[in-house]
Structures are given as C-alpha cells and as structure tokens.
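sequence first, then the predicted structure, then my questions.
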Amino acid sequence: MNGLFITIEGPDGAGKTSVIEELYPRLQLEATRKIVKTREPGGVKIAEKIRKIILDPRNEEMDERTEALLYAAARRQHLIEVVLPALNAGHIVICDRFVDSSLAYQGAGRRIGIPEIARINEFATEGTTPDFTLYLDVDSDTGLRRIQENRAHQYDRLDSEGLEFHQRVRHAYLKLAEENPVRIHKIDARMGLQEVVESSYSAIVESYPAYFKSI
C-alpha cells in the first residue's frame, strides 16, 4: 500500500462529523492525490445495514459482545470494499472512526476489556492500522450537553448511555493517545468549530507534506 490512511476519533459530542465536513473540502484543494471520505460503521451497503441494527435505540436487549462483533463485522466489510482498495490505489483515506472506537466504546465503555476487543479486530482487519489519527477530545459533561442539544437531529443507542459510560470511553481514548503518541494527535474539541478544523488541517498537512501542495 502506498496511500495514506487517516482516521478521526472522539467521544460522542466531540463534533467529528462537523469537523470532517469542513476539513474534507480544504484538504481536497491541496491534496496531490484523490481523497476518499468514508465512515464506520458503514461506508458500504452491508456495513450500513449493520450500522442501523447497532445504533437503533429500539434494540435495547442487544448483548455487549454481540455489539462488539457487529462492529467488527461491519469494519471488515468496509475495509475490504473501500479502505484497502483505495490505499492500494495510492489514495488518501479519511475515515470517521476505526478500531480505536471499538477499544474505547466496547473495550472500556462496555467493560468487555481492551485486549479482548483488540483480538476481535485483529482478526477482522488483519492488522490494518491507520497511519495517522486525529483524536478530538472533549470532556464528558460537554459532550453529553452537545448530544442533548442535537437530540432532535440525531440520537442513537449509544447516546442514551449515562455519564459514567462516556467517562470510561474518554479515559480509554486518552490512554490510547498516551500509548500511541506518534500516530494519535490530540486536539481540544472544546474550541470553536473553525479552530478545531484549522488545528486538524495543520496537523495533517504538516505531518504528511508529500501529500499536499501547500507544504
């Protein structure tokens, strides 16, 4: 593979979707290669169907391990259909969430265990790892407040979890960032949207100047 695999992570309420929507066209203008923007769970037909099952608020009876396996299954299909072909073609892939999300949400949030979730995803991805990860960090109180403010527009099964769940998720993300300082770049997502976008843009183009014209 000679492409560039970038993932964007963060707890609920960090503003990932808004940041990606602003960041993507800016990167497109400067990139020397095609950029493929995608998301998890989803990105392809089968994975999008799995996404609906996972996030449906009506599926309250879903077992934690079932949830973890469904995420891994969706990830595998998305990887095979979108991510790996794009990377093999030399493109830049920007993906909203990847394995780090499962480690944080199912490993820590659901208390299944990070090593256990890592093993499931090692099988699903055959060891595929992002080249660079932007972690948008926001404290759980702020994140939950943002979720409530946007509840009329988007609200899923994970959003309904309480403060302690979201705190476990955030602490796991912070630990992952501490353990992977080269790959994971932390950004304070409490800032305004444009400040977060600017910081994200600078972090990417300065880390990979060969892929962008302005550096």
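Now that the structure is in, tell me what you want to look at.

okay, now residue 114: neighbour count?
16 (other Cβ atoms under 10 Å). Any C-beta I mention is one placed from the backbone N, CA and C, and that applies to glycine too.

that one contacts residue 108, correct?
Yes: counting by Cβ atoms under 8 Å, a contact exists between residue 114 and residue 108, whose distance comes to 6.4 Å.

which residues are in contact with each of these two?
Residues touching both residue 114 and residue 108 (Cβ atoms under 8 Å, 6 or more residues apart in numbering) are residue 172.

phi and psi next, for residue 35.
Comment: the main-chain dihedrals of residue 35 come out as phi -110, psi 130, following degrees, to the nearest 10.

list the contacts of the residue positioned nearest the centre of the chain.
Against the mean C-alpha coordinate of the chain, by Cα atoms, centre = their mean, the closest residue is residue 97 at 1.6 Å. For residue 97, the contact set (Cβ under 8 Å, 6+ apart) comprises 7-9, 16, 39-41.

measure it to residue 170 for me?
As defined by Cβ to Cβ, to the nearest Å, residue 97 lies at a distance of 15 Å from residue 170.

what's the weakest-modelled helix or strand in this structure?
Considering only helices and strands, the least confidently modelled element of the chain by mean pLDDT, DSSP states H and E is helix 140-149, at a mean of 84.

elements contacting the longest helix along the chain?
Looking across the chain with DSSP state H, the single longest helix is helix 163-179. When contacts are defined as 3 or more Cβ pairs under 8 Å, 6 or more residues apart in numbering; DSSP states H and E, helix 163-179 packs onto strand 132-137, helix 140-149, strand 184-188.

so what touches that helix?
Residues lying outside helix 163-179 but in contact with it, judged by Cβ under 8 Å, 6+ apart, are 9-12, 100, 103-105, 107-109, 111, 114, 135, 137-141, 143-144, 184, 186.

how about stretch 202-212?
Among residues not part of stretch 202-212, those counted as contacts by Cβ under 8 Å, 6+ apart are 4, 6, 27, 30-33, 92, 131-132, 134, 185, 187, 214-215.

where's the dip in pLDDT among the residues you listed?
When these are compared by pLDDT, residue 215 scores lowest at 52.

off-centre distance for stretch 178-197?
A distance of 13 Å separates the centroid of the chain from that of stretch 178-197, by Cα atoms, centre = their mean, to the nearest Å.

just the strands in this protein please.
For the chain, strands defined by DSSP state E occupy the ranges 4-9, 35-39, 92-96, 132-137, 184-188.

so which residues make contact with the fourth one?
Strand 132-137 has contacts (Cβ under 8 Å, 6+ apart) with 4-11, 14-16, 19, 98, 100, 170, 173-174, 176-177, 180, 183-189, 196, 200, 203-204, 207-208.
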